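A.B. asks: need a structure here:
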Amino acid sequence: MEKQRLPNDTLILVMGILSIIGCCCYGLPGTIFGIVAVILGTKATKLYKAEPEKYDGYGNVQAGKIMGVIGIVLSILFIIYIVWIIAAIGVEALQDPELLQEKLLEMQGQ
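C.D. replies: Modelled structure (predicted):
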């Protein structure tokens with residue numbers, strides 16, 4: 001009997017890659033793509049573990065899940081960084097270039 005591909009194995013890999021790339025876009029796309037990769041990867045892993053001799057493409061699923069987790073972690077760290085910047089500088093300073101420059105110089109200790 002010929003092995004068949006795991007459902008969505010390529011999609012899981014692509015979502016994992018997009019989660020790492022998407023973490024640079026304020027964290028939200030990376031989080032979404034990462035969660036999708038992990039959920040679909042978990043379903044595909046359960047399917048593969050039930051009948052490993054029947055399916056092929058498990059390497060793509062594993063790689064996609066790992067990259068999805070990495071993308072989620074990086075996205076969360078980036079979101080925390082953005083929140084910290086907004087808390088440290090303030091929304092008003094982000095909208096006014098002169099005030100932003102003053103705040104940055106103040107943070108540098110000058």
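A.B. asks: okay, CA-based contacts and neighbour counts for the rest of this
C.D. replies: Fine.
A.B. asks: quick check: the closest residue to Thr42 other than its chain neighbours vs Ile85, distance?
C.D. replies: Ranked by Cα to Cα, 6 or more residues apart in numbering and with sequence neighbours excluded, the top spatial neighbour of Thr42 is Lys65, at 7.7 Å. According to Cα to Cα, to the nearest Å, Lys65 stands 30 Å off from Ile85.
A.B. asks: do Thr42 as well
C.D. replies: 35 Å.
A.B. asks: centre of the chain to stretch 72-91, how far?
C.D. replies: 15 Å (Cα atoms, centre = their mean, to the nearest Å).
A.B. asks: go on, stretch 99-110?
C.D. replies: That offset, for stretch 99-110, works out to 32 Å (Cα atoms, centre = their mean).
A.B. asks: ok, Leu13 - contacts?
C.D. replies: By Cα atoms under 8 Å, 6 or more residues apart in numbering, Leu13 lies in contact with Ala37, Asn60, Val61, Ala63, Gly64, Lys65, Met67.
A.B. asks: got a winner among these for most neighbours?
C.D. replies: Ala37 (33 neighbours; other Cα atoms under 10 Å).
A.B. asks: identify the residues contacting it.
C.D. replies: With Cα under 8 Å, 6+ apart, Ala37 has these contacts: Leu11, Ile12, Leu13, Met15, Gly16, Gly64, Lys65, Gly68.
A.B. asks: tell me the secondary structure at the residue positioned nearest the centre of the chain.
C.D. replies: Geometric centre of the chain, nearest residue: Gly71, 2.6 Å, by Cα atoms, centre = their mean. Following DSSP: H, G, I helix; E, B strand; the rest coil, the label given to Gly71 is helix.
A.B. asks: how about the nearest residue to it, chain neighbours excluded?
C.D. replies: Ile20 (4.2 Å).
A.B. asks: and that neighbour, how far is that from Val83?
C.D. replies: Using Cα to Cα, one gets 20 Å for the distance from Ile20 to Val83.
A.B. asks: now do Leu100
C.D. replies: Leu100 is 16 Å from Val83, by Cα to Cα.
A.B. asks: quick check: which ranges of the chain have low pLDDT?
C.D. replies: When residues are selected by pLDDT under 70, those of the chain lie in 1, 110.
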